[in-house]
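*Asks:* kindly generate the corresponding structure for this input.
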Amino acid sequence: MSAAVRLAREDDADAVADVFLAARAPMTYAPVAHTADDVRREFGALVIGRHEVWVAEQDGRVVAFAALSADELEHLYVEPGAQSSGIGAQLLALAQERRPSGFHFWVFQQNEGARRFYERHGCVLIRETDGTGNEERAPDALYEWRPAGAVSS
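*Replies:* Numbers count the residues shown, from 1 in each chain. Predicted coordinates:
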């Protein structure tokens with residue numbers, strides 16, 4: 001099922017934060033390092049203010065988002081009820097279109113579903129870490145996507 005995808009607006013910050021919090025809630029191995037209010041402030045000021053953020057809507061409600069910087073997929077989250085519906089693939093394809101030379105991103109090592117998803121879509125594991133470099137202190141994995149024939153960084 002496809003969703004209506006559009007650039008996020010400033011007034012989407014709370015909806016984007018809600019998607020983030022809902023998607024992260026089951027990740028007990030990497031609890032969110034901030035309060036819900038802090039997350040809402042962060043998504044308003046940092047994510048929407050400093051990144052290219054795309055939202056996916058179903059029935060007029062934001063159910064997923066992707067945030068891109070120059071060469072990184074900063075976030076791609078789909079709320080649990082909309083997962084496995086093709087929306088994540090739709091947002092990843094948009095990221096690939098928007099960053100045709102490629103990008104990198106981090107995934108928690110224990111997020112096996114996300115890892116399978118990204119690998120199915122041509123993303124490659126670069127390295128794994130013990131998590132000391134992230135706020136959650138949870139082991140993570142650096143991935144990248146490059147178009148066919150491109151040299152890895």
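
*Asks:* list the buried ones in stretch 66-85?
*Replies:* 66-68, 72-79, 82-83, 85 (16 or more other Cβ atoms under 10 Å). Quick note: C-beta positions are derived from backbone N, CA and C, even for glycine.

*Asks:* ok, which pair from these is furthest apart?
*Replies:* Farthest-apart pair in the buried residues of stretch 66-85 is Glu72 and Ser85; separation 25.0 Å (Cβ to Cβ).

*Asks:* what's the closest non-adjacent residue to the most centrally placed residue in the chain?
*Replies:* The centre of the chain sits closest to Leu76, judged by Cα atoms, centre = their mean, with a distance of 1.6 Å. Nearest residue to Leu76, sequence neighbours excluded (Cβ to Cβ, 6 or more residues apart in numbering): Ala66, at 4.6 Å.

*Asks:* which residues pair with that neighbour across the strands?
*Replies:* Trp54, Leu76 (DSSP bridges).

*Asks:* need the buried residues of stretch 66-85 in JSON lines with pLDDT and distance to Ala138, can you?
*Replies:* What follows is the buried residues of stretch 66-85, written out as JSON lines (pLDDT from 0 to 100; distance: Cβ to Cβ, whole Å):
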{"residue": "Ala66", "pLDDT": "97", "distance to Ala138": "21"}
{"residue": "Ala67", "pLDDT": "95", "distance to Ala138": "20"}
{"residue": "Leu68", "pLDDT": "96", "distance to Ala138": "23"}
{"residue": "Glu72", "pLDDT": "97", "distance to Ala138": "19"}
{"residue": "Leu73", "pLDDT": "98", "distance to Ala138": "18"}
{"residue": "Glu74", "pLDDT": "95", "distance to Ala138": "17"}
{"residue": "His75", "pLDDT": "95", "distance to Ala138": "16"}
{"residue": "Leu76", "pLDDT": "97", "distance to Ala138": "17"}
{"residue": "Tyr77", "pLDDT": "97", "distance to Ala138": "16"}
{"residue": "Val78", "pLDDT": "97", "distance to Ala138": "20"}
{"residue": "Glu79", "pLDDT": "97", "distance to Ala138": "21"}
{"residue": "Ala82", "pLDDT": "94", "distance to Ala138": "24"}
{"residue": "Gln83", "pLDDT": "94", "distance to Ala138": "20"}
{"residue": "Ser85", "pLDDT": "94", "distance to Ala138": "26"}
